[in-house]
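Chemist: Provided below for reference: sequence and predicted model.
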Amino acid sequence: MSQAMINLERLLRVPHVEVEFGFDLSSDGATVAFSWNLTGRWELYALPIDGSTDPQLLLPGPGDRFNPQFSPINPQRIACVADFDGSENYHLLLLDLSSAETVDLTPGDTLQPHFAWSPDGKQLAFISNRSNCFDVYILDLESGQEHLVCALGHPVWKVAWSPDGRWLAVTAETTGSDYGIYLVKMGSKVSRLSKLNAKDPCWSPDGKQLAFCATRDDFYQIGIFDVALRQTSWLTRGKGDKTSPAWDASGERLVYLYNQGAANYLVVSASHQTSEARPSKWKIPTALAALVKNGATHCSIAPGLHILPRFMPDGQNLLVLFENPQNPPDLWNLSIATGFSWSLTSSLPAEIDKNELPMPVEIFYPSLDDGVQVPALLFQPESLPAPAVVLIHGGPTWQFSLSWNPLMTHLASRGWVVLAPNYRGSTGYGHKWQTANFFDLGGCDTRDVAAGAFYLACEGLADPQRIAVSGRSHGGYLTMTCLTQYPDLWAAGSGVVPFFDMFVSHYASREDLQHWNIENMGDPLENEALWRERSPYFFLDQVNAPLQIICSSLDLRCPAVDSIAAHDKLLALGKSVDFVLYPDEGHTFLKMENILDSETRRVDFLAEALEDFGIELTKLAELSEKFK
């Protein structure tokens, strides 16, 4: 049965629960708080776990609100962060549900979105760049006094307060795209937990142990650090990333995520009393079955992406975010014993039949030059060859997974081939794969993406003259390197919040973003030749295909000044360019009207090149010869 085209605006308007910053359970375990764009804005909601009432909107106000965290001692007090203009200059807010008051605790700061309550509910640890580097501060809520507790000289991303109040676990950037965990003892010095690439610290209920994940033998493994002994024992081994550990209330079991390619699974470690392994609802990879110890439970809601699992107070159920291409991100409850699951929020409108939404398959294709196998998601229509779009993810330390993606769904429903590569530099396929573009941005990652277009043409999946490329953020940058390095391969290219000139983008960015640039490409003065070679701005004369640039004025990650300069140069070169600048958005668009407008413009631009097309076809044999 042929696939009918699914309206893009309809898909983009489907709400979903926010997944990057997560949700929180009240101290009594009765209520979950989360951020949801049910109205088109990101607002906070609370929902009784027993489902006795529908989700309730919490104290609406200006700004988009994320990362709600209940006070450990008072479920009527919730802290969160707000972004008032899309610029990622987060403010820390305190909501008092009993008095209906909202207080901006940090009106003059730019914060990271992650923070932590003290166990007694009297203080908040937050991360501010007031010294031009994201450091950790503690705010006393009664006196309003603040003091610095941790300055590492490189950006901090997350902080977790131990339940006994004695320690902070701090996650910060280290070298390259790696992270490190640092332990801060109140009134004492800071020590690094391990020299390994580590993240996701989670304190045991008694504060005596810290679960985390760190790279060992190329993949993230779950470790447990004993604070008193200062020793680490390892819970997992083998292939596949194991991340996001969380303890049950007894401190005897952990739940964590096991990632294999484009999907992941839930694993619950065995307690001291458990000796019998439980079956999974879904077919589990052999590697996963081998890594878990006897008595562990592995389960899944469905093939897709599970995010931030947490034990419910009874220890028998898990609260987890879940999404796949047929289900927008929602909160789910999953029974550990039976594998039965049900959604607590329902974002997909009843008029959309999820079974009509296309699902991709995971494939591998050879890269250029070295033939390394590149993983990718592929949407394939019935009629071939077809117009095709190679979509490039941002990050670059991120990956395309079996997740909700309205743009991919719409493009696939048009009868187009959609290829989403997880090029070298992506997460999910081991640390060596993630760091393979170290000091090589715009090099091997560009070749991996371009190889995807050759693959589609040579396999007869795509019409060789109707292959476009598009990406966002680092994906927008790779769109530009593809257009300048492989100019004859593409029918069109659309870059959303891209960067062109590494020098301009670097010096116009925030200090923490500059730190990442230097760690991954070296100092711009010392490595000037490399930075210039990998900046598509200097090679825009090579562009042959129609080009679209979509950018935003408040973007701190890929500043608009860079895109404006590239636009001016393209016009001077006589190139065809469609340029759109949104004055009221940052790097991630938050306003629904801008999301609708920008994505509609992107699709219309690609459709003009791929569907309204009159260029003489290039012979497939010629492309095959190039590929060889």
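Modeler: All right, it came through fine.

Chemist: can you map out the helices along this structure?
Modeler: Using DSSP state H, the helices of the chain run over residues 8-12, 286-291, 406-413, 431-434, 444-458, 474-485, 502-507, 511-521, 528-533, 560-572, 592-610, 620-627.

Chemist: would TSV of those helices with mean neighbour count be doable?
Modeler: Every residue, glycine included, has its C-beta placed from N, CA and C. Formatted as TSV, the helices of the chain follow (neighbours: other C-beta atoms under 10 Å):
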stretch	mean neighbour count
helix 8-12	17
helix 286-291	14
helix 406-413	23
helix 431-434	19
helix 444-458	25
helix 474-485	26
helix 502-507	20
helix 511-521	17
helix 528-533	15
helix 560-572	19
helix 592-610	18
helix 620-627	13
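
Chemist: got TSV for the ones you listed, with mean pLDDT and distance to A337 too?
Modeler: What follows is the helices of the chain, written out as TSV (pLDDT from 0 to 100; distance: least, C-beta to C-beta, whole Å):
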stretch	mean pLDDT	distance to A337
helix 8-12	98	36
helix 286-291	48	19
helix 406-413	98	34
helix 431-434	97	35
helix 444-458	98	43
helix 474-485	98	42
helix 502-507	98	52
helix 511-521	95	43
helix 528-533	98	55
helix 560-572	98	53
helix 592-610	98	41
helix 620-627	47	52
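
Chemist: wait, which of those is closest to F134?
Modeler: Closest approach to F134 among these (C-beta to C-beta): helix 511-521, 5.5 Å.

Chemist: picking up where we left off before, any chance of CSV for the helices of the chain, columns distance to L318?
Modeler: Converted to CSV, the helices of the chain look like this (distance: least, C-beta to C-beta, whole Å):
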stretch, distance to L318
helix 8-12, 28
helix 286-291, 17
helix 406-413, 27
helix 431-434, 27
helix 444-458, 35
helix 474-485, 32
helix 502-507, 41
helix 511-521, 33
helix 528-533, 46
helix 560-572, 42
helix 592-610, 31
helix 620-627, 46
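
Chemist: nearest to S99, of the ones you listed?
Modeler: Among those, helix 592-610 sits nearest to S99 (C-beta to C-beta), with 30.7 Å.

Chemist: ok, residues contacting that closest one?
Modeler: Helix 592-610 is contacted from outside by 8-9, 12-13, 37, 40-41, 387-389, 406-407, 410-411, 414, 416, 466, 468, 470, 491-492, 494, 496, 545-546, 548, 550, 578, 580, 582, 584-585, 589, using C-beta atoms under 8 Å, 6 or more residues apart in numbering.

Chemist: verify the contact between L148 and F134 for me.
Modeler: No. L148 is beyond contact range of F134, at 11.8 Å (criterion: C-beta atoms under 8 Å).

Chemist: more neighbours: the two, which one.
Modeler: Using other C-beta atoms under 10 Å, the more surrounded residue of L148 and F134 is F134, with 25 against 12.

Chemist: of the contacts of helix 592-610, buried ones?
Modeler: Among the contacts of helix 592-610, those classed as buried by 16 or more other C-beta atoms under 10 Å are 8, 12, 37, 41, 387-389, 406-407, 410-411, 414, 416, 466, 468, 470, 491-492, 494, 496, 545-546, 548, 550, 578, 580, 582, 585, 589.

Chemist: CA atoms only for stretch 439-459 - export them in PDB, please.
Modeler: Extracted in PDB, the C-alpha atoms of stretch 439-459 (Å, rounded to 0.1, in the frame of the first residue of the first chain):
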ATOM      1  CA  PHE A 439      41.100  17.600  14.800                       C
ATOM      2  CA  ASP A 440      39.300  16.500  11.600                       C
ATOM      3  CA  LEU A 441      36.000  18.400  11.600                       C
ATOM      4  CA  GLY A 442      34.800  18.800   8.100                       C
ATOM      5  CA  GLY A 443      37.100  15.900   7.000                       C
ATOM      6  CA  CYS A 444      36.100  12.300   7.600                       C
ATOM      7  CA  ASP A 445      32.600  13.300   8.700                       C
ATOM      8  CA  THR A 446      32.100  15.100   5.400                       C
ATOM      9  CA  ARG A 447      33.300  12.100   3.400                       C
ATOM     10  CA  ASP A 448      30.900   9.800   5.400                       C
ATOM     11  CA  VAL A 449      28.000  12.000   4.600                       C
ATOM     12  CA  ALA A 450      28.900  12.400   0.900                       C
ATOM     13  CA  ALA A 451      29.300   8.600   0.700                       C
ATOM     14  CA  GLY A 452      25.700   8.300   1.700                       C
ATOM     15  CA  ALA A 453      24.700  10.100  -1.500                       C
ATOM     16  CA  PHE A 454      26.900   7.800  -3.600                       C
ATOM     17  CA  TYR A 455      25.500   4.800  -1.900                       C
ATOM     18  CA  LEU A 456      21.900   5.900  -2.700                       C
ATOM     19  CA  ALA A 457      22.800   6.500  -6.400                       C
ATOM     20  CA  CYS A 458      24.800   3.300  -6.900                       C
ATOM     21  CA  GLU A 459      22.200   1.100  -5.200                       C
END
